[in-house]
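**Student:** kindly generate the corresponding structure for this input.
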Amino acid sequence: MSKKVFAGHAVRHVRERLGLTQMDFARRLALSPSYINQIESNQRPVTAAVLLAISRVFDLDITRFGADDLDRIVADLREALADPVFRGIEPSLQDLKNATTHAPAFAHAFLRLHGALRRLEERRAAQDDAVVSVAREVDGAAPPDEARNLAPYEEVRDHFHYIDNYVDGLDRAGEERNAALDLFGRDDAVAVLVEHLRQSHAIAVEMTASAQLDAPLLAYDRHRRVATLARTLDPASRAFRLAALLARFEQSELIDHHVLEAGLRSTTAREVCRLSLQNYYAGALLLPYRRFARLARETRHDLDRLAAMTGASLEQVCHRLSTLQRPGEKGVPFYFLKVDRAGNVIKRHSATRFQFARYGGACPVWNVHEAFEQPARTLVQLGEMPDGARYLCLARGTSKPALRHGARERRFALGIGCEISYAGELVHADGLDLKAAAVAPLGVNCRICPRTACPERAFPPLDREILLDPDRRDVVPFAVRE
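**Tutor:** Modelled structure (predicted):
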């Protein structure tokens, strides 16, 4: 192994779920109880031999003992602790690693509490703005409990983030269904899915009568057993919506089990997760793991070729590439995000060390914002995060066309990238001298970025004191105390 793995919390969690004492656990693994105790106390690392023994004896996936999850939690803790409420409290990186390693449940609880605090502050600020704008007092009506305490989309997004956006059971089920229907790369994928729904589930598929702006993308009438697709959808989107519908009828048991295992706190979060899993299955069905991963390697992850050869949209291709993290068959670890013209991050996931801000927008230096200016080009950027990690960053514009005169075209930007150690596996890096190319200094976002001299800075860092000089004006109208 390239580095020592201290995963005592994971070993203890496995043992406790199995209902075994340390002595029984050690006996099953042919190890001494004291050795198991030292591993669980993180006094000793988990060796490759122990991992293999746990995998063999208890039939478990050993990738759960990796350090990636802990690294993500540490990054999230560092971001949370940059909040002004913690000013003067500066735990070292080693302190955060120790807390995460020895008390991961407490670290998660801390992040959840901080998230609730941030949402409360944002709601209070929004109420204050409303008071000013309408020149009257807020009526004081209390929001529902879920709206007051939970943010379902954030909770579900974090759940997928911590499982590497990979759901093994659904992924393999989608792959099997694709093989049974011989669906991969077919031009008539929509027709095949329509016929399968009709024959296997007695569901008819219709199209809306006209290009109605207010028509849902898909509407299912349970009583008539009729699914109505929006006529405005392109073929790739039609196939995706039908595949997601199919998940409701063929994978409900797997989906319900995963939702239960996720331990989400609210009914709304569980429903959001259920919809997300249906969409996940749709991606796995249309772009089956092994065949798509092989094609990605053969084309050297050429985004346009992959879209053309599979019939999928560019967004579907990028999103699927970011989920290729099957244990033992992992693809290039990509980050992926989708932003709108206001900079709102609509989708985000990282299978790399690349970290997105849990709150606020993205770094303005990042090329994903330039994609709106050159939507037909795939932009390539070499970026470096404050921790020194370098990434090959790709960005591409995409849009949803206007449906009638006067209607607004919806535009988005897609960002996908990987650490530069994988750049040789991407055709988009050809011709780029990774040693000589200009490196863009990136950050997570302005409020937590340590690059105090950045001319693109929109806000001062949350954890620094602002310094103002009335006799001096620079590009950024403030300085911060180092």
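**Student:** helices of the stretch 101-250 of the chain, start to end?
**Tutor:** 104-134, 145-149, 152-162, 168-181, 189-201, 235-250 (DSSP state H, counting those that start in this stretch).
**Student:** which of those has the lowest mean pLDDT?
**Tutor:** Ranked by mean pLDDT, the helices of the stretch 101-250 of the chain end with helix 145-149 at the bottom, a mean of 40.
**Student:** for the helices of the stretch 101-250 of the chain, which one ends up most surrounded?
**Tutor:** Scoring the helices of the stretch 101-250 of the chain by mean neighbour count under mean count of other C-beta atoms under 10 Å gives helix 235-250 as the most buried, with a mean of 21. Placement of C-beta: from N, CA and C, glycine included.
**Student:** that one vs helix 168-181, what angle?
**Tutor:** Using axes from the mean of the first three to the mean of the last three C-alpha atoms, to 10 degrees, the inter-axis angle of helix 235-250 relative to helix 168-181 is 110 degrees.
**Student:** report all helices and strands that the next helix or strand after helix 235-250 contacts.
**Tutor:** Per DSSP states H and E, the first helix or strand lying C-terminal to helix 235-250 is helix 252-262. When contacts are defined as 3 or more C-beta pairs under 8 Å, 6 or more residues apart in numbering; DSSP states H and E, helix 252-262 sits against helix 168-181, helix 267-286.
**Student:** distance from helix 252-262 to the middle of the chain?
**Tutor:** Distance, stretch centre to chain centre, for helix 252-262: 19 Å (C-alpha atoms, centre = their mean, to the nearest Å).
**Student:** list the buried ones in that helix?
**Tutor:** Residues of helix 252-262 classed as buried: Leu254, Ile255, His258, Val259, Ala262 (neighbour count, 16 or more other C-beta atoms under 10 Å).
**Student:** still on that earlier bit, how about a markdown table for the helices of the stretch 101-250 of the chain, with distance to His428 added?
**Tutor:** Shown next, in a markdown table, are these (distance: least, C-beta to C-beta, whole Å):
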| stretch | distance to His428 |
| --- | --- |
| helix 104-134 | 34 |
| helix 145-149 | 42 |
| helix 152-162 | 25 |
| helix 168-181 | 26 |
| helix 189-201 | 27 |
| helix 235-250 | 21 |
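**Student:** coming back round to it: among the helices and strands packed on helix 252-262, which comes closest to His196?
**Tutor:** helix 168-181 (6.1 Å; C-beta to C-beta).
**Student:** where along this protein do the strands fall?
**Tutor:** 204-207, 218-221, 226-229, 335-340, 345-350, 379-384, 390-400, 410-419, 440-441, 466-467, 479-480 (DSSP state E).
**Student:** adjacent strands (with direction) for the first one?
**Tutor:** Looking at strand 204-207 with DSSP bridges, its partner strands are strand 226-229 (parallel).
**Student:** dump the C-alpha coordinates for the partner strand into CSV.
**Tutor:** What follows is strand 226-229, C-alpha atoms only, in CSV (Å, rounded to 0.1, in the frame of the first residue of the first chain):
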residue,chain,number,x,y,z
VAL,A,226,-49.8,5.8,-19.4
ALA,A,227,-46.5,7.8,-19.4
THR,A,228,-46.6,11.0,-21.3
LEU,A,229,-43.2,12.5,-22.5
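**Student:** buried ones in it, by neighbour count?
**Tutor:** Buried residues in strand 226-229 (16+ other C-beta under 10 Å): Ala227, Thr228, Leu229.
**Student:** separation between the nearest residue to Val205 once chain neighbours are set aside and Ala312?
**Tutor:** Of all residues not flanking Val205 in the chain, Val194 sits nearest, at 4.5 Å (C-beta to C-beta, 6 or more residues apart in numbering). Val194 is 18 Å from Ala312, where distance means C-beta to C-beta, to the nearest Å.
**Student:** could you measure from the closest residue to Arg411 other than its chain neighbours over to Ile54?
**Tutor:** Spatial nearest neighbour of Arg411, excluding adjacent residues (C-beta to C-beta, 6+ apart): Ser399 at 4.7 Å. Per C-beta to C-beta, Ser399 is found 49 Å from Ile54.
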